[in-house]
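Colleague: Sequence unavailable; structure follows:
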């Protein structure tokens, strides 16, 4: 089942196309890593797809009304904004807003979704604490839990693992993989190519606003692509548990 | 504290202060006499004072306070900034300009409600300008900039009117009016302001869900199904209706919209949605308290409500700053 479809999506900043004619479909069961250097257009692609940036071309999300869209796709922005010292549990409950009518109290199902999201992100016991008083990485996990609590078929996450410790980086990717295995689709932008190679079922490599390569991690993380897009060399090997990727040096 | 308990306490406190306001005044009637006159209408003088002077004044204090409180909470929630206050979008300045023009041109003396009506027109002009300047798609920054521009322009024009005023009596009257007061307001003022304030509440109070979502930023809120342009339009219209009407009948009363949400935020778990209603009650309580204080402290000197509010509000704010600094590592 297709959960996201982009046809010729173009996002412009001024006259400059930061996303240039992106074509993309995401099916249930996929954990797709969106990789590329800074400024390649990863964030703009996701924000354009969600209708948060003016764009041309077609996105299956922007033709939906805001309400149904919020029950179809969850979005985790890169900037970790938490404006007020809200309790962690209350903050994660914000993810249930699309499922509640105005003024409706959270139901048992909402509480269960929040508890599950908190457990997934290893935040059990953090419920009453003010989210603004947590460390940066902990705030990152709280915000991921908020997106998970939205319980949507499609999740778009912009660098969710940035600033997390290795254990929680792996746990986050494993959680996404498990959700994908349950029939959801996850599109996640990443800078850690090792993490991307290890956990993603598919990688999309962006370069200067265009989709440069799209396929299984071993097909995308090739010597040529790495040299051309990132300007780096890397050690790539097939380990017993999947692809092993270690960046080595900058090519000059 | 449980939210329900907090609301019960705020409501009880507001009711108690409402009674205090009703029983405070220079006429010096007894408590039982005053209340029985208010309800049964026995005793001509005391009934007149209670029904025509103190009752509209107390009700106006509740409505003005609630309007300023809910406006402050909504603006702080929308801008995600605890320093936002209802005057920020320029409506109170423009309403004051309308009032000043009415006083200086002598229009205020033409008929009873000329002054508040002129102030309301000023507020309406400001709203139209803001909506036009901030545009349909702009974010919170354009709104602040538009508000600052309009405030500055209204302030400059007000100074110009006072500067060129040929009439020192009108100028003195204007300066006193600008300090803000609820003295000698009648039911006519209440009937004029109430529809706008009720409209403002109806626009602002349902914004809680969107403001909650905005705690995580505009992007996250938009992706959670909040239509930001609609939210912003409702916010601007709601704040303008509340603040425009409050300024039109009571003059410029600062600090309520700034301090009340700030004081109550820790008690509602910092949730913007709960803060809206709590700040409405808290604002009503605060204005009732200050309006009773102006009659108790210097009864013979016509102390102005806005002045007392600032004298109460500024130290409260300093206390909050000190508390925030202590909380910092």
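Modeller: Done, it's in. The model shown is predicted, which means the values in this text are computed figures rather than measured ones.

Colleague: what about the residue nearest to residue B:189 when sequence neighbours are not counted, how many residues close to it?
Modeller: Spatial nearest neighbour of residue B:189, chain neighbours left out: residue B:249 (4.5 Å); criterion: Cβ to Cβ, 6 or more residues apart in numbering or on different chains. Yep, even glycine has a C-beta here, placed from its N, CA and C like the rest. Residue B:249 has 29 neighbouring residues, counting by other Cβ atoms under 10 Å in any protein chain shown.

Colleague: Tell me which helix or strand residue B:249 sits in.
Modeller: Assigning secondary structure by DSSP states H and E places residue B:249 in helix B:228-250.

Colleague: ok, then the element right after that helix?
Modeller: From helix B:228-250, the next helix or strand downstream (DSSP H and E) is helix B:256-264.

Colleague: end to end, how far does stretch A:9-25 reach?
Modeller: 12 Å (Cα to Cα, to the nearest Å).

Colleague: buried set for that stretch?
Modeller: Buried residues in stretch A:9-25, counted by 16 or more other Cβ atoms under 10 Å in any protein chain shown: A:9, A:10, A:11, A:12, A:17, A:18, A:19, A:20, A:22, A:24.

Colleague: hang on, isn't the last one packed against residue A:4?
Modeller: Yes. In this structure, residue A:24 is within contact of residue A:4 by Cβ atoms under 8 Å, at 7.1 Å.

Colleague: count of neighbours near residue 229?
Modeller: No chain in the question, so chain A it is. 19.

Colleague: um, chain B though
Modeller: Residue B:229 has 13 neighbours, counted by other Cβ under 10 Å.

Colleague: picking up where we left off before, run through the residues that contact the residue nearest to residue B:189.
Modeller: B:60, B:64, B:116, B:185, B:189, B:190, B:192, B:193 (Cβ atoms under 8 Å, 6 or more residues apart in numbering or on different chains).

Colleague: could you give the angle of the helix or strand hosting the first one to helix B:228-250?
Modeller: Following DSSP H and E, one finds residue B:60 within helix B:55-79. Using axes from the mean of the first three to the mean of the last three Cα atoms, to 10 degrees, the inter-axis angle of helix B:55-79 relative to helix B:228-250 is 150 degrees.

Colleague: pLDDT on helix B:55-79, on average?
Modeller: Mean per-residue pLDDT for helix B:55-79: 95.

Colleague: and the next element down the chain from it?
Modeller: Going down the chain from helix B:55-79, the next helix or strand is helix B:91-105, by DSSP H and E.

Colleague: How about that next one, which residues are buried there?
Modeller: B:91-104.

Colleague: Could you provide those in JSON lines, with additional columns for distance to residue A:153?
Modeller: Putting the buried residues of helix B:91-105 into JSON lines (distance: Cβ to Cβ, whole Å) gives the following:
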{"residue": "B:91", "distance to residue A:153": "44"}
{"residue": "B:92", "distance to residue A:153": "47"}
{"residue": "B:93", "distance to residue A:153": "49"}
{"residue": "B:94", "distance to residue A:153": "48"}
{"residue": "B:95", "distance to residue A:153": "49"}
{"residue": "B:96", "distance to residue A:153": "53"}
{"residue": "B:97", "distance to residue A:153": "54"}
{"residue": "B:98", "distance to residue A:153": "53"}
{"residue": "B:99", "distance to residue A:153": "56"}
{"residue": "B:100", "distance to residue A:153": "58"}
{"residue": "B:101", "distance to residue A:153": "59"}
{"residue": "B:102", "distance to residue A:153": "59"}
{"residue": "B:103", "distance to residue A:153": "62"}
{"residue": "B:104", "distance to residue A:153": "64"}
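
Colleague: between these, which is closest to residue A:98?
Modeller: Nearest to residue A:98 among those: residue B:91, at 32.4 Å, using Cβ to Cβ.

Colleague: Residue A:186: which element?
Modeller: Secondary structure (DSSP H and E) places residue A:186 in strand A:185-189.

Colleague: Okay, now the sheet partners of that strand, with direction.
Modeller: The strands beside strand A:185-189 in its sheet (DSSP bridges) come out as strand A:31-35 (parallel), strand A:154-158 (parallel).

Colleague: any residues touching the last one, and which ones?
Modeller: Going back to what we said before, that points to strand A:154-158. For strand A:154-158, contacts defined as Cβ under 8 Å, 6+ apart pick out A:3-4, A:26, A:42-43, A:46, A:49-50, A:72-78, A:144, A:147-148, A:176, A:179, A:184-189.

Colleague: That strand: what's the following helix or strand?
Modeller: Note on strand A:154-158: by DSSP H and E, the next helix or strand toward the C-terminus is helix A:166-181.

Colleague: Next, the distance between the ends of stretch A:95-114.
Modeller: Terminal residues of stretch A:95-114 lie 8 Å apart, using Cα to Cα.
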